[in-house]
Each structure stands twice: as C-alpha cells, then as structure tokens.
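Sharing a model that was predicted from the sequence below.
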Amino acid sequence: MNNQTPSLETRGIDLHTHSCKSDGNLTPTELVALAAEKNLAAIALTDHDTIDGIDEFLHAASGTSIEAIPGIEFSTEYEGRDIHIVGLYIDHRKPAFLRYLQDFRDSRDLRNRKMCLKLQEYGLDVQYEDMQKEFAGSVMTRAHYARYLFQKGYVKSMPEAFERYVGDHAPCFIPREKVTPSQAVRLIQENGGVSVLAHPILYHMSDAKLDDLVGLLKEEGLMAIEAVYSTYNTGEERQIRNLAKKYDLLLSGGSDFHGKAKPGLELGSGYGKLFVPYTFLEEIKQARCEK
C-alpha cells in the first residue's frame, strides 16, 4: 500500500477564489477546508476590492499543507469595459494600501446608498441598513442586491433582478467609481504584489484591442496573465499563452470559485477540466523574489 503524500506537481493550485467577504458564500476558513478536501497544494484568496478575509484565511491555512496566498481582485474600467486585475502576495497591512481601500470603500458605500434610494423610488422597500445586516461583513455588490430582492419576493429569480432593476441598463443601476487597470497594476506593484490580468477572454475584445491592453499594462508593470481559467476552451487558452509569450508575462490560473453564486463551478477544477499546475506558482514566486 502506497501512503506517500502526492507531489506538489500532481496536486494543483487555484489562484483565483472568492469568499463571503465579497460575493462568494463560503467563509475564508471554509474555503481553506474545501481546498484541503480537494487536496490542492495552494490557493489565493482574491476577494473583490477587499482584504477583509485575508487574516482569517491565513490563520485557517497555518499548520496545514496548503500554501495560502493573500490577494485581491480590483474592479477597473477601460474604454467602457470592466477589467479585473488580480493582485497576489499583497501586503494587506501596509498603511498606504489600507488608506486606498478605505477611500474606495467610502465611494462604494455612497453608491450603494444611492441605489437603495432608486429602488425605493420603484416601490421596493430596500433599506441600506437592512442589507448591511443581511450581508454583514461582505463588500456589497449588485449580486447582493439581486439576492436580497429575490429573498424578499420582489423578483422570481436573481437574473430577473438584474434585468428589471440592477443590471447595467436597468433603471436602478448607478455606476461606481473605478480605477483604471493601469492604476491597479501600479498599486499592486507598489505594494510588493504580483499583478495579473484576470480572465481576458471574458472581456470580448477584438484580438487587436486585447493586444493593445496587454501591451499597455506590461509597460505599467503587469507581471502575469490568467492563461488557465474555468471557461476557456483550448483555442482561447492557446491565445492567452501566446500573448504571455509575446509580452514576456508569467502564467497564472484559477477557477474564479464563488460557491453557490456560480453553481457547478468547483474549487480547483472549475467545470471539471481545470487544472492549474504548481509550476505556475513556482515561477511567480521566483519572479517576485527577483523584483
């Protein structure tokens, strides 16, 4: 009988996950427990625009065989599109970084209060204080509004909530303040982290536009690109790997796990075929040490 522990190379990693501190449904502790259950070698917690879950995440992983990587996923805007920049190995206690996040949170809080007032204008009893109690400790996103409207019986499904009230072109949607991808890359770099362009295929850009974006961000200090992702097909992965080679970028990958918010998408394996090799992380760590 072979009782040897599987090697890191066979265990796989996940460098893009979310907890209940943003729009996932598992606590950081539960996320680590699930990673252990799935025998992952390493995971990064990359909640949207917040580091609130990182201390719990690191504490839960201490003493386990799981390598826990503190991270974040910034929501940015480029030519009218949402572009996400993941930061790995961020120093989540650095005062300047924390001040920036607080400013960002204050602007988000103001936007969320305005959205509640809009919903009230449409006859829905949505009080911001009630939502804060319902989703205590979470960074409020439109997914939380959709869930709240569904739970209160105002809509029959979360997609209906987006379509009728909080989607991009719906009457109660209010855009929030966003940084540019370049600003996010610089902020991550200044904080000692590794910046990653997340799921570039999802932006539905032309090849030329995507090439321009990657080139621009490389000049700002972008270090990696998400080449392995839950929804990519073989051709899409090949396209991103080619971009990485062209611009001398490291490869990253992850499931973008959210738990129940993305049914069928599993930690570490995505929709069943995802595998992110540990070699990605080895190269990222080496490049970070050489910075």
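Good, I have the coordinates.

What mean pLDDT does the strand ranked longest in the chain get?
The strand that spans the most residues within the chain, counting by DSSP state E, is strand 67-78. Taken as a whole, strand 67-78 has a mean pLDDT of 94.

What of stretch 134-145?
On average, stretch 134-145 scores 82.

Endpoints of it, how far apart?
By C-alpha to C-alpha, to the nearest Å, the extent of stretch 134-145 from end to end equals 11 Å.

Likewise for stretch 18-28?
Termini of stretch 18-28 sit 8 Å apart (C-alpha to C-alpha).

Tell me which residues touch the closest residue in space to residue 62 that isn't next to it in sequence, please.
Among residues not flanking residue 62 along the chain, residue 68 sits closest, at 7.9 Å (C-beta to C-beta, 6 or more residues apart in numbering). To be clear about C-beta, it is placed using only N, CA and C from the backbone, and glycine gets the same treatment. Residue 68 sits next to 32, 42, 43, 44, 45, 57, 58, 60, 61, 62 when contact means C-beta atoms under 8 Å, 6 or more residues apart in numbering.

Now the phi/psi pair for residue 129, please.
Its backbone dihedrals place residue 129 at phi -60, psi -40, with angles given as degrees, to the nearest 10.

Just give me the neighbour total for it.
The burial count assigned to residue 129 is 9, neighbours taken as other C-beta atoms under 10 Å.

Same check on residue 263?
7.

So residue 175 lies in a strand, does it not?
No: counting by DSSP: H, G, I helix; E, B strand; the rest coil, residue 175 is not part of a strand but coil.

Not counting sequence-adjacent ones, nearest residue to it?
Nearest non-adjacent residue to residue 175, counting by C-beta to C-beta, 6+ apart: residue 111, 7.6 Å away.

how close does the closest residue to residue 77 other than its chain neighbours get to residue 83?
Once flanking residues are discounted, residue 77 sits nearest to residue 178: 4.2 Å by C-beta to C-beta, 6+ apart. The gap separating residue 178 from residue 83 is 9 Å, by C-beta to C-beta, to the nearest Å.

what's the angle from the helix or strand just after the longest strand of the chain to strand 67-78?
Per DSSP states H and E, the first helix or strand lying C-terminal to strand 67-78 is strand 81-88. Computed by axes from the mean of the first three to the mean of the last three C-alpha atoms, to 10 degrees, the angle separating strand 81-88 from strand 67-78 equals 160 degrees.

on that earlier part again, for residue 178 and residue 83, list the residues in contact with both.
76, 77.

which one of these two has more residues nearby?
When neighbours are counted by other C-beta under 10 Å, residue 178 and residue 83 differ, and residue 83 comes out ahead with 23 against 18.

Looking at strand pairing, list the partners for the more buried one.
On the basis of DSSP bridges, residue 83 is bridged to residue 76.

what residue is smack in the middle of this protein?
The centroid of the chain falls nearest to residue 73 when counting by C-alpha atoms, centre = their mean (4.2 Å).

Start and end of stretch 134-141, how far apart?
13 Å.

The stretch 151-291 of the chain: strands as residue ranges?
All strands of the stretch 151-291 of the chain, identified by DSSP state E, counting those that start in this stretch, fall at 194-197, 224-229, 250-254.

Give the burial count for the nearest residue to the residue nearest to the centre of the chain once chain neighbours are set aside, as a bare number.
Distance criterion C-beta to C-beta, 6+ apart; nearest residue to residue 73, sequence neighbours excluded, is residue 46 at 4.4 Å. Residues lying near residue 46 (other C-beta under 10 Å) number 30.

What of residue 10?
Residues near residue 10, counting by other C-beta under 10 Å: 11.

Give me the below-cutoff pLDDT ranges for the chain.
Applying pLDDT under 70 to the chain flags the ranges 1-6, 8-9.

which helix in it runs the most residues?
helix 95-121 (DSSP state H).

before we move on, the earlier item: what separation is there between the residue nearest to residue 62 and residue 37?
In terms of C-beta to C-beta, residue 68 sits 15 Å off from residue 37.

Then residue 181?
35 Å.

quick one: which of the two has more around it?
residue 181 (23 against 10).
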